[in-house]
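Trainee: Model the structure of this input:
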Amino acid sequence: MAFARHVMFDDSPQPVLKRMAAARAPVVAARPAMFPSRAVELALARAAEQELGLDLSVTGVAECSPELSEIEAEAGEHALLALLEGAEGASGILVLSAPVLGAVVAQRMTGRVPAQATPPRAPTRIDAEIARGLIDRTLAVLGASLDGQAALRWAVGFRYRGSLPDKRLIRFSLPEGRFHGFRLTLRLAGGAAEGTVFLALPEIPAPAVAEPAGASPEARAWSSALQDGVLGAEVTLDAVFARLRLPLSRVMALKVGEVLALPRASVDHVRLEDAGGALIGEGKLGQLRGDRALRLPAVTGAPEKGATGGKPDAPELSLERPAAGTAAPG
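Mentor: Sure thing, here's the model as predicted:
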């Protein structure tokens, strides 16, 4: 196929000035749109290289819209469950399988991934902190690559919030609703390790609509029953009166019978924290009818912003009245 080229000459002074101005003007190329799955793949590989110097290649990517039960199923044995926080209280999760977590920890600690895999074990808080840099870097690169695309704003602004010790806590830590899920199969350090990473980010919810003043008795009863059920759920709290930081080598060398000195430990100043380390209140350790007890002069009522673990305030519960023609749950 031949293309004809047409050249037009114009000797008038005005077009010449326009061409000179256009030649000096900087050319700004529009950034092409990127598919979310491709953006996640590139973000993880780039973060592994920049944060750890780790050779990571993605051999497979699957995109899905998982429900909470399906997200729980992605949490395999000994996987790291990294809880993510975004704007306006949005919560997501990133699951590093045991082989991937082991490779990340080995690369960070020794600078290489051993060819022979280490026996799997339950992840610790130290493992989570070691993987935190990779997770935050991945989310930052992902957000930067998709920022400016209105339809993909759900992927922007997330960062590491903390780790979950049990996959049963997933349904209590993530909101109900639809998620954008990505399952990546990885090959690390030239094949020294293989595993998976699963990322789930929530859709941006529509603005809440206030319930009309004249709501039906069925709608009010349903809302009250739902609120009672949620507020009646059990929550585990930890009373912390001291924290001790030790080098990993010292921790690995601990023996039965050793005594560790706790710095500034005091029963008069005890922190009450949730499972993720967010501050709920402070109190004083004592006894009540022969049992250990914690007296709380004041309770915040919600995890404090900026508390240990970087947890935000608990998301508010949004109650919607039943649709017309439907019966309230019994």
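
Trainee: top helix in the protein by residue count?
Mentor: Longest helix in the chain, counting residues (DSSP state H): helix 125-146.

Trainee: So what touches that helix?
Mentor: Defining contact as CB atoms under 8 Å, 6 or more residues apart in numbering, one finds that helix 125-146 is touched by 34, 36, 39-40, 42-44, 46-48, 50-52, 80, 82, 84, 94, 96, 101, 104-105, 108-109, 152, 155-160, 162-163, 248, 251. Every C-beta, even on glycine, is put in place using the N, C-alpha and C of the backbone.

Trainee: Flag the shaky bits of the stretch 151-300 of the chain, pLDDT-wise.
Mentor: Scanning the stretch 151-300 of the chain for pLDDT under 70 picks out the ranges 205-215, 264-267, 288-290, 297-300.

Trainee: swap the cut-off to 90 and go again
Mentor: Where the stretch 151-300 of the chain drops to pLDDT under 90, the residues are 151-154, 171, 175-178, 203-255, 257-300.

Trainee: And for the stretch 1-150 of the chain?
Mentor: Applying pLDDT under 90 to the stretch 1-150 of the chain picks out residues 1-35, 87-90, 115-121, 146-150.

Trainee: Pretty sure V100 sits in a strand.
Mentor: No - counting by DSSP: H, G, I helix; E, B strand; the rest coil, V100 falls outside a strand, being helix.

Trainee: hmm, back to that, show the buried residues in the contacts of helix 125-146.
Mentor: Among these, those classed as buried by neighbour count (16 or more other CB atoms under 10 Å) are 36, 39-40, 42-44, 46-48, 51-52, 80, 82, 84, 94, 96, 101, 104-105, 108, 152, 155-156, 158, 160, 162-163.

Trainee: I'd like to know which of the residues you listed are part of helices.
Mentor: In this view, the buried ones among the contacts of helix 125-146 that belong to helices under DSSP H are 36, 39-40, 42-44, 46-48, 51-52, 101, 104-105, 108.

Trainee: Might one say that L244 is in contact with V259?
Mentor: No - the criterion here is CB atoms under 8 Å, and L244 misses it with V259 at 11.8 Å.

Trainee: the more surrounded of the two?
Mentor: Under the criterion of other CB atoms under 10 Å, the comparison of L244 against V259 puts L244 first, with 10 against 5.

Trainee: which SS state does that one fall under?
Mentor: The local conformation at L244, judged by three-state DSSP, is coil.

Trainee: How about L254?
Mentor: coil.

Trainee: Tell me how far it lies from A242.
Mentor: According to CB to CB, to the nearest Å, L254 and A242 sit 17 Å apart.

Trainee: which ones are touching the residue lying closest to H78 once chain neighbours are set aside?
Mentor: Nearest residue to H78 in three dimensions, chain neighbours excluded: A98, at 4.0 Å (CB to CB, 6 or more residues apart in numbering). Taking CB under 8 Å, 6+ apart as the criterion, A98 is in contact with G76, E77, H78, A79, P120, P123, G195.

Trainee: And for E74?
Mentor: Counting by CB under 8 Å, 6+ apart, E74 has contacts P66, V95, G181, R183, F198, A200.

Trainee: is it true that the fifth one touches F182?
Mentor: Yes - applying CB under 8 Å, one finds F198 in contact with F182, separated by 7.1 Å.

Trainee: For stretch 235-255, list the C-alpha coordinates in PDB.
Mentor: C-alpha atoms of stretch 235-255 as PDB (Å, rounded to 0.1, in the frame of the first residue of the first chain):
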ATOM      1  CA  VAL A 235     -13.500  -9.200  70.100                       C
ATOM      2  CA  THR A 236     -10.100 -10.200  71.500                       C
ATOM      3  CA  LEU A 237      -8.200  -7.600  73.500                       C
ATOM      4  CA  ASP A 238      -4.600  -7.700  74.800                       C
ATOM      5  CA  ALA A 239      -3.400  -6.000  77.900                       C
ATOM      6  CA  VAL A 240       0.200  -4.900  77.200                       C
ATOM      7  CA  PHE A 241       2.400  -3.600  80.100                       C
ATOM      8  CA  ALA A 242       5.800  -3.800  78.300                       C
ATOM      9  CA  ARG A 243       7.400  -4.400  75.000                       C
ATOM     10  CA  LEU A 244      10.800  -5.700  74.400                       C
ATOM     11  CA  ARG A 245      12.900  -5.300  71.200                       C
ATOM     12  CA  LEU A 246      15.700  -7.800  70.500                       C
ATOM     13  CA  PRO A 247      17.900  -8.500  67.500                       C
ATOM     14  CA  LEU A 248      16.700 -11.500  65.500                       C
ATOM     15  CA  SER A 249      19.900 -13.400  66.400                       C
ATOM     16  CA  ARG A 250      19.200 -12.900  70.100                       C
ATOM     17  CA  VAL A 251      15.700 -14.200  69.700                       C
ATOM     18  CA  MET A 252      16.800 -17.300  67.800                       C
ATOM     19  CA  ALA A 253      19.300 -18.000  70.600                       C
ATOM     20  CA  LEU A 254      16.800 -17.900  73.400                       C
ATOM     21  CA  LYS A 255      16.700 -20.900  75.700                       C
END
